[in-house]
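Novice: Turn this into a structure:
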Amino acid sequence: MPKNAILFHGTGGSPDAIWYPWLARRLTDRGYAVQTPHYPALNVEPIATFLPQVLRRHAFDDETVLVGHSGGAALLLSLLEHLDVTVAQAVLVAGYATAPNTADEPVLQDDYDWAAIRAHAADLCFVNSVVDPYGCDAVQGRAMFDRLGGTLVVRDEGHFGDVDQPYPTFPLLDRLIGG
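Specialist: This next block holds a predicted model:
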């Protein structure tokens with residue numbers, strides 16, 4: 001049975017944007033069964049009603065790798081908290097656990113069970129930027145790292161892809177994701 005990878009796009013995004021198709025191809029070439037779901041309601045619908053839909057749509061096991069970008073990374077926190085298995089790895093790119101700016105953030109929970117999140121990921125990795133136009137910056141990455149441990153990578157690369165930041169490849173992620 002191949003390893004499973006699920007790539008979650010960010011708020012207002014799609015699986016065809018920025019580095020998602022590239023990473024999906026790289027992981028497929030490495031033997032992963034890759035899912036790149038499209039969730040237009042991500043960070044629009046409240047997490048309390050959105051999360052059960054995500055949990056029903058995917059299977060998770062100890063070979064699963066989760067990658068989330070921006071709002072998709074914030075989703076991973078809730079997802080990990082509510083799983084009943086421990087996934088192999090979760091990589092949160094431009095992630096955040098508290099409102100990063102003044103925008104409404106329905107993807108966030110009011111609080112998190114940090115111990116449950118940590119218990120449901122064998123490996124956690126946070127990739128944040130020194131400066132991020134949306135506030136999903138190194139301060140956010142450090143706050144998650146301080147609560148969860150794992151690996152924190154701080155770059156100076158904006159939001160790691162956006163409408164005005166082409167980012168067709170992301171070799172760092174290919175290296176960070178377990179073989």
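Novice: For the rest of this, base every contact and every neighbour count on C-alpha atoms.
Specialist: Will do.
Novice: Which helix or which strand is home to G68?
Specialist: Applying DSSP states H and E as the criterion places G68 in strand 64-69.
Novice: Can you give the contact residues for that strand?
Specialist: Strand 64-69 has contacts (C-alpha atoms under 8 Å, 6 or more residues apart in numbering) with 3-10, 73-76, 87-95, 177.
Novice: Show me what it pairs with in its sheet, parallel or antiparallel.
Specialist: The strands beside strand 64-69 in its sheet (DSSP bridges) come out as strand 3-8 (parallel), strand 89-93 (parallel).
Novice: picking that back up, I would like a PyMOL command selecting only the buried ones among the contacts of strand 64-69, please.
Specialist: This is how PyMOL selects the buried members of the contacts of strand 64-69, with burial counted by 16 or more other C-alpha atoms under 10 Å:
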select buried, resi 3+4+5+6+7+8+9+10+73+74+75+76+87+88+89+90+91+92+93+94+95+177
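Novice: Quick test: name the residue nearest the centre of the protein.
Specialist: Nearest to the mean C-alpha position of the chain, by C-alpha atoms, centre = their mean, lies G68 at 1.8 Å.
Novice: nearest residue to that residue other than its sequence neighbours?
Specialist: Computed as C-alpha to C-alpha, 6 or more residues apart in numbering, the closest residue to G68 that is not its neighbour in sequence is F8, at 4.6 Å.
Novice: How about the contacts made by the one you found?
Specialist: For F8, counting by C-alpha under 8 Å, 6+ apart, the contacting residues are P15, T36, P37, H38, L66, V67, G68, H69, G72, A73.
Novice: Filter those residues down to the buried ones, PyMOL style.
Specialist: Paste this into PyMOL to select the buried members of these, with burial taken from 16+ other C-alpha under 10 Å:
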select buried, resi 15+36+37+38+66+67+68+69+72+73
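Novice: Output the contacts of F8 in TSV, with pLDDT and distance to E157 appended to each entry.
Specialist: Formatted as TSV, those follow (pLDDT from 0 to 100; distance: C-alpha to C-alpha, whole Å):
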residue	pLDDT	distance to E157
P15	97	20
T36	98	23
P37	98	25
H38	98	25
L66	98	21
V67	98	18
G68	98	17
H69	98	14
G72	98	18
A73	98	17
